[in-house]
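Chemist: Pasting the sequence and the predicted model now:
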Amino acid sequence: MKLLVAIDFSEVTDKITAKVKELALKVNAKIWLIHVVQPEPDFVGYDVGPETERDFMAKKFHEKHVKIQNIAKDLEKEGIKTTPLLVQGPTVETILNQAEKLNVDIIVSGSHGHGAMFRLLVGSISEGLLHNSSKPLLIIPARK
């Protein structure tokens, strides 16, 4: 079984990785961890912001790279084949594209349990995946 596990480094990430670890060990799954970084408007296209902005964004990207590598290493220590992916793009579309490219069996994501107003203004990654995915989804709730 192949799982694409979307993480955002929020408080839900530990819960997602714990559930995925449990599932992966039971079914001998291969995991791809994915964190999608939104492109900064200043960095889209050829006009790049000042050097300090580029350095700041590069540092943030590097920090996320280290985080996802560490989570992958922890899963590998448990005997789970894990590949970390740090990809830039629109979140839902990027996750779905990677799921197709990797031919995964299930996409795993977390649900933050934000209210209706938040979903109306910001949207929900889980809902976007639910409405657009041809792959089965496993949504891990933030709350018990």
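Modeler: Thanks, I have the structure now.
Chemist: Where does pLDDT dip in the chain?
Modeler: 40-50, 112-123, 144 (pLDDT under 70).
Chemist: correct me, but residue 105 touches residue 134?
Modeler: No: using C-beta atoms under 8 Å, residue 105 makes no contact with residue 134, being 11.8 Å away. For glycine as for every other residue, the C-beta is placed from the backbone atoms N, C-alpha and C.
Chemist: Which one of these two is surrounded by more residues?
Modeler: More crowded of residue 105 and residue 134, by other C-beta atoms under 10 Å: residue 105, with 15 against 8.
Chemist: how close does the closest residue to residue 141 other than its chain neighbours sit to residue 8?
Modeler: Closest residue to residue 141 apart from its sequence neighbours, by C-beta to C-beta, 6 or more residues apart in numbering: residue 111 at 5.1 Å. According to C-beta to C-beta, to the nearest Å, residue 111 stands 11 Å off from residue 8.
Chemist: Same check on residue 28?
Modeler: With distances taken as C-beta to C-beta, residue 28 is found 26 Å from residue 8.
Chemist: Compare these two and say which is more crowded by neighbours.
Modeler: Taking other C-beta under 10 Å, residue 28 and residue 8 do not tie; residue 8 has more neighbours (16 against 10).
Chemist: Does that one fall in a helix, a strand, or a coil region?
Modeler: coil (DSSP: H, G, I helix; E, B strand; the rest coil).
Chemist: contacting residues around it?
Modeler: Contacts here follow C-beta atoms under 8 Å, 6 or more residues apart in numbering; on that basis residue 8 touches 35, 110, 125.
Chemist: Wasn't the first one part of a helix?
Modeler: This means residue 35. No: checked against three-state DSSP, residue 35 lies outside a helix; its state is strand.
Chemist: Now for it, how many residues are close by?
Modeler: The local packing of residue 35 (other C-beta under 10 Å) involves 22 other residues.
Chemist: same check, this time on the second one
Modeler: Using other C-beta under 10 Å, residue 110 is surrounded by 25 other residues.
Chemist: does it really touch residue 142, like I thought?
Modeler: Yes: the pair residue 110 / residue 142 is scored as a contact, 6.3 Å apart, by C-beta under 8 Å.
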